[in-house]
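Visitor: Mind folding the following:
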Amino acid sequence: MTAQERGFFCQLLASLFYSPDQELAKQIQERRLYSFFDKYIQSWGEEEGFLKGFLMEEESENLLRDLENEYARLFSGSSQESISLVESFHKLWTNDPQCSLPFASEKGLLMGDSAIHLLEIYRECSLEISEEFKWCPDHIVVELEFLSYLYERATDIEIKKFIEDHLDWIPFLEEEFKRFHAHPFYLSLLGVLSLFLNVEKRRLEIGNNG
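Guide: Numbering: from 1, shown residues only. All right, here's what the predicted structure looks like:
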């Protein structure tokens, strides 16, 4: 993959973590998403069944309704009954041993260390967060969009550090998807993301040692 291809790949993944719409249902029904990802999945040595969540046979209206219901079930409920797509939620609120706040070492909170760190990075890059993600700048959508941005402008060393620092929580998300018996589409989506990150970590490690 070229840097441009990696950037587009991340941008597409980010878009798929938004609330589903008619265009998404159409892309699934017409197998456009499947065709796009399949060429990469095969080159990475993964089996075809890995993408079964992108092969839905339902009519687009029924598929959209199913995805909307699943998105609401998985991501739109209370924190105890749904999955958070925000990095801070899955990590300790802060790793600062000097912090005396009673919830400092707890998980399940927003605007933790990762969010504050990313706000500083975005500021240095002169990037603004949309109102939708104002209180969760470390949402998976924002992180993937920023990774896409890095592929266009940053060095491999900077990309490697961002992946290590801010996308190391994806395995926690995978466990949550399994625990909630997520829709095949979302299982495949997260699987593609995880595979891509693993491929990138290997590439960047080799490049860093070369």
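Visitor: The one helix or strand Tyr151 maps to packs against which elements?
Guide: According to DSSP states H and E, Tyr151 maps onto helix 140-153. In terms of contacts (3 or more Cβ pairs under 8 Å, 6 or more residues apart in numbering; DSSP states H and E), helix 140-153 is packed against helix 3-16, helix 113-124, helix 156-166. Backbone N, C-alpha and C define where each C-beta goes, glycine included.
Visitor: Mind checking which residue lies nearest the centre of the chain?
Guide: Per Cα atoms, centre = their mean, the C-alpha nearest to the average position across the chain is that of Ile140, at 4.2 Å.
Visitor: Apart from its neighbours in sequence, what residue is nearest it?
Guide: Leu85 (4.5 Å; Cβ to Cβ, 6 or more residues apart in numbering).
Visitor: what's the neighbour count on the closest residue to Leu167 other than its chain neighbours?
Guide: In this structure, Leu167 finds its nearest non-sequential neighbour in Leu197, 5.8 Å apart by Cβ to Cβ, 6+ apart. Neighbour count for Leu197, taken as other Cβ atoms under 10 Å: 17.
Visitor: How about Glu48?
Guide: Neighbour number of Glu48 under other Cβ under 10 Å is 11.
Visitor: for Phe36, same thing?
Guide: There are 16 residues near Phe36, going by other Cβ under 10 Å.
Visitor: can you pull the contacts of it?
Guide: Leu12 (Cβ atoms under 8 Å, 6 or more residues apart in numbering).
Visitor: Which strand or helix spans it?
Guide: Per DSSP H and E: helix 32-43 holds Phe36.
Visitor: Show me what the one helix or strand Leu195 maps to is packed against.
Guide: According to DSSP H and E, Leu195 maps onto helix 184-209. Using 3+ Cβ pairs under 8 Å, 6+ apart, the elements in contact with helix 184-209 are helix 3-16, helix 32-43, helix 60-75, helix 156-166, helix 170-179.
Visitor: Pull the distance from the last one to the chain's centre.
Guide: Shown here is helix 170-179, whose average C-alpha point lies 12 Å from the average C-alpha point of the whole chain (Cα atoms, centre = their mean, to the nearest Å).
Visitor: neighbours of the residue nearest to Ile140, just the number please.
Guide: What Leu85 shows, counting by other Cβ under 10 Å, is a neighbour count of 19.
Visitor: Run through the residues that contact it.
Guide: Residues in contact with Leu85 (Cβ under 8 Å, 6+ apart) are Phe17, Phe75, His139, Ile140, Val141, Leu173.
Visitor: just the buried members of the residues you listed?
Guide: Phe17, Phe75, His139, Ile140, Val141, Leu173 (16 or more other Cβ atoms under 10 Å).
Visitor: With pLDDT added, can I get the residues you listed in JSON lines?
Guide: Shown next, in JSON lines, are the buried ones among the contacts of Leu85 (pLDDT from 0 to 100):
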{"residue": "Phe17", "pLDDT": "97"}
{"residue": "Phe75", "pLDDT": "93"}
{"residue": "His139", "pLDDT": "97"}
{"residue": "Ile140", "pLDDT": "97"}
{"residue": "Val141", "pLDDT": "97"}
{"residue": "Leu173", "pLDDT": "94"}
